[in-house]
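Trainee: 3D, please:
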Amino acid sequence: MTEDEIAELERTVQEKETQVAAQIAALLALAETGFDTSEAEAALRREADALTALRQYQATIIEVRDE
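Mentor: Numbering: from 1, shown residues only. Got it, this is the predicted structure:
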């Protein structure tokens, strides 16, 4: 993987982190007002799982690069 591709992966991870953080804030706001957040919670779990997978992939790429 090239340095440009690694940088693009880093940007993708950061964007996903921002998205997940925004979803958490929205979910908390909805929960405080009494809305049923079960669907939003399920979506958040999927997004968090995707973020975890991206972070693991990124760590593997960096580990291989640094060998």
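Trainee: In this structure, which helix is the longest?
Mentor: helix 3-32 (DSSP state H).
Trainee: For that helix, name the packing helices and strands.
Mentor: If contacts are counted by 3 or more Cβ pairs under 8 Å, 6 or more residues apart in numbering; DSSP states H and E, helix 3-32 sits against helix 38-65. (Glycine included, C-beta is placed from N, CA and C.)
Trainee: what is the mean pLDDT for the helix it packs on?
Mentor: The average pLDDT for helix 38-65 rounds to 95.
Trainee: and it, how far from the chain's centre?
Mentor: 5 Å (Cα atoms, centre = their mean, to the nearest Å).
Trainee: SS state for residue 34?
Mentor: Recorded secondary structure, residue 34: coil (DSSP: H, G, I helix; E, B strand; the rest coil).
Trainee: Any chance of the backbone angles for it?
Mentor: Note on residue 34: backbone dihedrals following degrees, to the nearest 10 are phi 90, psi 10.
Trainee: so how far is residue 59 from it?
Mentor: 39 Å (Cβ to Cβ, to the nearest Å).
Trainee: the more surrounded of the two?
Mentor: More neighbours surround residue 59 than the other of residue 34 and residue 59, with 10 against 7 (other Cβ atoms under 10 Å).
Trainee: Is there a neighbour count for the closest residue to residue 6 other than its chain neighbours? I'd like the number.
Mentor: Excluding the flanking residues, the one nearest residue 6 by Cβ to Cβ, 6 or more residues apart in numbering is residue 61, at 6.3 Å. Residues near residue 61, counting by other Cβ under 10 Å, number 15.
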